[in-house]
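Q: Give me a model of this one.
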Amino acid sequence: MSRSRQPPLVTGISPNEGISWTKVTIRGENLGTGAADLIGLTICGHNCLLTAEWMSASKIVCRVGQAKNDKGDIIVTTKSGGRGTSTVSFKLLKPEKIGILDQSAVWVDEMNYYGMRTDRNKGMPPLSLRPANPLGIEIDKGKFHQKDLEALFPGMSPDFTSENFSAAWYLIENHSMTSFDQLKMAVMNLKKQANKKNEGSLAYVKGGLSTFFEAQDALSAIHQKLEADGTEKVEGSMTQKLENVLNRASNTADTLFQEVLGRKDKADSTRNALNVLQRFKFLFNLPLNIERNIQKGDYDVVINDYEKAKSLFGKTEVQVFKKYYAEVETRIEALRELLLDKLLETPSTLHDQKRYIRYLSDLHASGDPAWQCIGAQHQWILQLMHSCKESYVKEQKGTPLLHSPLLDLDGDVRPSPIGHLSQTASLKRGSSFQSGRDDAWRYKVPQQVAFVEKLTKLVVSQLPNFWKLWISYVNGSLFSETAEKSGQMERSKKNARQKQNDFKKMIQEVMQSLVKLIRGALLPFSLREGELRQYGGWEMKSELSGQWLTHVIQTVRLSYESLTALEIPNDMLQIIQDLILDLRMRCIMVTLQHTAEDVKRLAEKEDWVVDNEGLTSLPSQFEQCIIHSLQSLKSVIDCKPGEASVFQQHKTQEDVCQLSINIMQVFIDHLEQLSTKPDGDIDITHLSVDVSSPDLFGSIHEDTSLSSEQRLLIVLSNCCYLERHTFINIAEHFEKHGFQGVEKITQISMESLKELDQRLFEIYIEAKADPIVGSLEPGIYAGYFDWKDCLVPTGVRNYLKEALVNIIAVHAEVFTISKELVPRVLFRIVEAVSEELSRLMQCVSSFSKNGALQARLEIFALRDTVAVYLTPESNSSFKQALEALPQLSSGADKKLLEELLNKFKSSMHLQLTCFQAASSAMMKT
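A: Numbers count the residues shown, from 1 in each chain. Got it, this is the predicted structure:
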């Protein structure tokens with residue numbers, strides 16, 4: 001027969017020595033699968049199976065029998081494992097013989113009916129000898145939650161000694177995974193135990209049956225003797241003798257057993273006292289247990305013990321119980337005070353707050369601890385916010401700070417601005433565009449910005465727990481089932497409904513403090529004087545830049561989103577939206593103001609390097625500066641959900657429009673300043689020219705400085721580009737970013753630019769045309785020339801050639817700077833020269849034949865040379881000049897005029913090439 005289990009092995013016995021009928025606990029391995037599997041148990045060779053009680057596969061309880069051997073092994077035999085072995089032994093002691101009157105110390109097993117704990121956390125094992133496994137099969141604890149079983153069997157108990165014992169509860173708790181066969185075996189075990197009890201009573205009766213018969217016979221003999229003697233009490237009668245015998249027997253018994261019975265009564269009294277102490281030791285030990293559990297932090301155990309004591313002894317009239325219960329109440333009151341102090345202690349986590357509130361509600365603390373906690377948290381958040389402000393203000397003023405633990409909730413929250421602010425990209429043209437401010441500002445966070453980040457993070461980290469605590473207070477989730485049954489939860493919900501307005505004021509106060517502290521740091525002008533003293537105190541050495549304000553706006557927006565996620569009503573958060581709107585408007589204003597300053601620095605760094613189109617990098621740098629500023633404002637101008645447009649107010653539109661116009665005007669004013677600076681103030685190392693152009697005079701200048709006329713031309717060229725391209729592009733970007741009044745900005749800027757252009761153009765024309773025009777009259781009458789008395793013309797005189805050379809020089813100067821300016825300049829130069837020449841001709845009173853021919857030759861030579869730059873005004877001047885001359889009368893004069901004119905053109909061919917190139921270029925266009 002093969003066995004499925006290992007043989008039993010006994011590894012321990014307690015106690016390991018004793019007299020017969022000593023109760024021992026045997027421990028080991030493979031001691032059987034159940035009571036039915038145990039078929040043999042011997043200790044010191046004596047069979048102890050009848051008294052054996054199988055507890056588990058590793059534990060058996062039995063009593064030692066009267067064995068022959070003084071010392072021996074403990075052998076367990078099972079069906080599944082067979083005969084076992086033992087590694088320990090038991091020593092059987094011989095009992096001392098004690099007379100009936102000798103004193104003897106014995107241990108009396110007592111039943112403890114108050115040793116069971118019914119709390120929901122920890123259990124206290126009973127100290128009685130009641131069977132822990134009444135079914136006699138292996139216990140398999142299920143994974144059912146105690147609360148679920150209490151709800152399933154209300155008012156019942158799994159304790160089989162309880163009056164409300166529930167067999168179903170006991171089976172679910174201890175045998176939920178036991179097979180049906182095992183349960184049938186348990187039923188058989190119960191039947192055997194019942195039969196043993198019945199058989200024990202019957203055996204007791206059978207054992208005393210002979211004594212009963214003897215007593216019956218004696219009583220019958222006495223009865224017959226008394227009937228024979230009669231019933232009268234006569235001296236010497238049997239009745240009298242029997243009475244005397246009984247009295248002497250009674251007196252002798254009293255004399256013999258008086259001391260013994262006295263000791264018995266005393267022992268009974270002591271046993272009764274011990275029994276009372278044992279039965280009610282829970283109450284007597286409770287004050288000390290409460291103190292110990294409080295020190296260990298086991299508040300659940302204390303509360304459960306208190307509830308149990310209150311239910312058992314709360315209304316007792318026994319003085320000793322009342323005394324101990326009063327001590328319990330004293331300790332519980334101290335615990336209430338301790339828990340309330342811990343509840344109101346800050347900082348603390350939401351979990352701890354809920355736990356302490358639940359403890360206080362279970363202990364029936366007076367007042368409303370949950371509302372007290374909410375009020376304490378509210379004051380704590382306000383204190384943190386103001387402490388944060390004070391620490392940063394002192395740090396800004398250079399006051400050494402002691403380390404404040406209040407602000408160490410989340411560590412240092414000052415992020416590097418590199419992670420939040422974009423670096424300015426270098427420009428393709430004009431890499432000299434850089435802010436004049438020290439670049440260190442990018443890497444050093446201003447105190448106000450660091451304060452706002454710390455403040456918002458503080459509020460965002462603290463307010464959620466504060467809000468969740470209120471929600472838990474409203475829905476009653478702060479309280480335990482005990483508080484729910486006692487009606488405390490309903491009272492709390494009623495209190496919460498009454499205090500909704502008070503809590504709303506708390507939230508509003510936190511929001512107002514947050515907003516006013518930020519305003520005090522960034523927008524002090526928006527606070528009243530009294531508020532400024534409370535929420536301000538910052539040293540405003542310089543205003544924050546637009547980049548930092550943008551960063552602050554992003555921080556406040558993120559905080560708003562975090563608070564919105566808590567489902568806080570929008571009306572409580574509207575004050576933050578108003579702050580964001582004010583910050584956005586301020587950021588736009590400051591950015592535009594700083595842009596104007598950057599534009600000034602742009603003009604100051606003009607390098608006068610001209611490209612092939614006659615432009616410097618200044619227009620492009622100006623456009624890029626504006627675009628960069630507008631791009632930096634994109635996130636500020638764009639509206640997040642729930643935000644209003646920053647341009648919704650008319651005053652804001654007007655201010656932004658005026659600042660935008662101011663930026664354009666600043667640039668225009670600095671253009672004028674650049675064009676009118678003295679020659680010594682502008683030094684350059686080179687001047688870029690278009691070497692491929694047909695410049696007859698060689699365009700590369702060896703001079704290292706620009707003349708005032710060249711600067712005028714460069715500025716004029718830039719003005720033309722600004723008018724045709726830059727200002728239009730800037731207007732498009734203004735519209736793209738939602739700016740209002742763009743047409744007004746463009747119109748005023750264009751008008752101002754055109755005025756500057758015209759003013760500078762007139763200055764240049766005056767500087768170039770006046771010398772040429774002024775040289776005509778002296779040149780005409782040089783050598784006492786007289787129109788009335790002159791020789792036959794032999795060619796164009798030098799004064800006209802000099803005038804043409806001067807015009808060509810102007811052409812070369814303008815062409816070197818900007819080809820597009822050449823027609824505009826030469827139109828005006830030719831108009832001035834033709835007008836002066838016409839005036840001079842009209843002033844002559846009369847011409848001789850040769851004088852008229854000479855005058856006509858020079859007028860035709862000038863007109864034909866600059867024909868490409870003639871305008872209706874210059875044509876009219878030439879016409880008036882010719883009309884002032886006499887007509888040619890003969891063909892010979894006309895022929896001579898044509899020959900001399902061709903000769904002039906031939907001799908001046910090289911010099912006049914610039915006009916021919918310009919003519920072909922204008923024809924192409």
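
Q: now the strands for the protein?
A: 9-14, 17-18, 23-29, 38-43, 46-47, 53-56, 59-63, 71-78, 82-83, 85-86, 89-92 (DSSP state E).

Q: Using a markdown table, please lay out those together with mean neighbour count.
A: To be clear about C-beta, it is placed using only N, CA and C from the backbone, and glycine gets the same treatment. Shown next, in a markdown table, are the strands of the chain (neighbours: other C-beta atoms under 10 Å):
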| stretch | mean neighbour count |
| --- | --- |
| strand 9-14 | 17 |
| strand 17-18 | 16 |
| strand 23-29 | 18 |
| strand 38-43 | 21 |
| strand 46-47 | 14 |
| strand 53-56 | 20 |
| strand 59-63 | 19 |
| strand 71-78 | 21 |
| strand 82-83 | 15 |
| strand 85-86 | 18 |
| strand 89-92 | 19 |
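
Q: and of these, who's closest to E835?
A: strand 53-56 (131.2 Å; C-beta to C-beta).

Q: List the contacts of L350.
A: Going by C-beta atoms under 8 Å, 6 or more residues apart in numbering, L350 touches N465, K468, L469.

Q: which helix in the protein runs the most residues?
A: Looking across the chain with DSSP state H, the single longest helix is helix 238-279.

Q: Now do that one: distance to the chain's middle.
A: 84 Å (C-alpha atoms, centre = their mean, to the nearest Å).

Q: Low-confidence stretches in the stretch 501-650 of the chain?
A: Applying pLDDT under 70 to the stretch 501-650 of the chain flags no residue at all.

Q: ok, C587 touching H551?
A: No. Assessed by C-beta atoms under 8 Å, C587 is found out of contact with H551, at 9.8 Å.

Q: Look up how far L615 lies from the closest residue to V646 other than its chain neighbours.
A: Spatially, and ignoring its direct neighbours in sequence, V646 is nearest to R584 (4.7 Å; C-beta to C-beta, 6 or more residues apart in numbering). Noted for R584: a distance of 36 Å to L615, by C-beta to C-beta, to the nearest Å.

Q: okay, the two: which has more neighbours?
A: R584 (26 against 22; other C-beta atoms under 10 Å).

Q: Mind splitting this protein into its structural domains?
A: The chain breaks down into these domains under the TED database: 9-92, 279-344, 782-915.

Q: Save those as a markdown table, and put in distance to S717 and mean pLDDT too.
A: Converted to a markdown table, the domains of the chain look like this (distance: least, C-beta to C-beta, whole Å; pLDDT from 0 to 100):
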| stretch | distance to S717 | mean pLDDT |
| --- | --- | --- |
| domain 9-92 | 106 | 90 |
| domain 279-344 | 77 | 85 |
| domain 782-915 | 4 | 87 |
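
Q: Could I get those domains in JSON lines, plus columns for distance to D578?
A: Output for the domains of the chain, formatted as JSON lines (distance: least, C-beta to C-beta, whole Å):
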{"stretch": "domain 9-92", "distance to D578": "73"}
{"stretch": "domain 279-344", "distance to D578": "34"}
{"stretch": "domain 782-915", "distance to D578": "53"}
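
Q: Just tell me which of those ends up closest to S237.
A: domain 9-92 (49.8 Å).

Q: doesn't L760 make contact with C720?
A: No. Counting by C-beta under 8 Å, L760 is not a contact partner of C720; they are 11.0 Å apart.

Q: thinking again about what came up before, can I get the strands of the chain in CSV with distance to Q593?
A: Formatted as CSV, the strands of the chain follow (distance: least, C-beta to C-beta, whole Å):
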stretch, distance to Q593
strand 9-14, 92
strand 17-18, 102
strand 23-29, 90
strand 38-43, 99
strand 46-47, 109
strand 53-56, 88
strand 59-63, 89
strand 71-78, 98
strand 82-83, 102
strand 85-86, 100
strand 89-92, 102
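
Q: Quick check: which of these is nearest to G536?
A: strand 53-56 (76.7 Å).

Q: nearest to Q648, of the domains of the chain?
A: Closest approach to Q648 among the domains of the chain (C-beta to C-beta): domain 782-915, 44.0 Å.

Q: Now for E138, how many residues are close by?
A: Residues near E138, counting by other C-beta under 10 Å, number 19.

Q: Same check on Y799?
A: Y799, neighbours per other C-beta under 10 Å, totals 18.

Q: Could you do G614 as well?
A: G614 has 24 neighbours, counted by other C-beta under 10 Å.

Q: All the helices of the stretch 351-500 of the chain, residue numbers only.
A: Along the stretch 351-500 of the chain, the segments classed as helices by DSSP state H, counting those that start in this stretch run 369-396, 447-475, 481-485, 488-498, 500-522.

Q: Out of these, which is closest to S80?
A: Among the helices of the stretch 351-500 of the chain, helix 481-485 comes nearest to S80, with 45.7 Å by C-beta to C-beta.

Q: list the contacts for V666?
A: A596, V599, K600.

Q: quick one: it from F622, how far?
A: 10 Å.

Q: Name the residues contacting each of those two.
A: With C-beta under 8 Å, 6+ apart as the test, V666 and F622 both reach V599.

Q: still on that earlier bit, let me know the distance separating the residue nearest to V646 from T564.
A: To T564, R584 is 18 Å away according to C-beta to C-beta.

Q: Same question for T87.
A: For T87 relative to T564 (C-beta to C-beta), the value is 72 Å.

Q: of these two, who's got more company?
A: Shown here are T87 and T564; by other C-beta under 10 Å, T564 has more neighbours (15 against 11).

Q: unless I'm mixing things up, the more buried one is touching L573, no?
A: Yes. Contact criterion C-beta under 8 Å: T564 and L573 qualify, at 6.6 Å.

Q: if I pick the nearest residue to G614 once chain neighbours are set aside, what's in contact with it?
A: In space, and not counting its chain neighbours, G614 is closest to S818: 2.6 Å by C-beta to C-beta, 6+ apart. S818 makes contacts with V610, E613, G614, L615, L713, I714, L716, S717, C720, as judged by C-beta under 8 Å, 6+ apart.

Q: For those, give me CSV that also has distance to K541.
A: Listed next are those as CSV, based on distance: C-beta to C-beta, whole Å:
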residue, distance to K541
V610, 42
E613, 45
G614, 44
L615, 40
L713, 44
I714, 39
L716, 42
S717, 42
C720, 43
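
Q: Just the closest of those to A228, please.
A: L615 (163.9 Å).

Q: In contact with that closest one, which residues?
A: By C-beta under 8 Å, 6+ apart, the contact list for L615 reads S717, N718, Y721, S818.

Q: redo that, cut-off 6 Å
A: L615 sits next to S717, N718, Y721 when contact means C-beta atoms under 6 Å, 6 or more residues apart in numbering.

Q: okay, the nearest residue to it once chain neighbours are set aside: pLDDT?
A: Once flanking residues are discounted, L615 sits nearest to Y721: 5.3 Å by C-beta to C-beta, 6+ apart. Listed pLDDT for Y721 reads 86.

Q: so Y721 makes contact with P619?
A: Yes. Contact criterion C-beta atoms under 6 Å: Y721 and P619 qualify, at 5.1 Å.

Q: shared neighbours, those two?
A: By C-beta under 6 Å, 6+ apart, no residue touches both Y721 and P619.

Q: Give the burial count for the nearest residue to F622 once chain neighbours are set aside, as a bare number.
A: Excluding the flanking residues, the one nearest F622 by C-beta to C-beta, 6+ apart is F667, at 5.6 Å. For F667, the count of nearby residues is 25 (other C-beta under 10 Å).

Q: where's F667 relative to A731, distance?
A: 14 Å.
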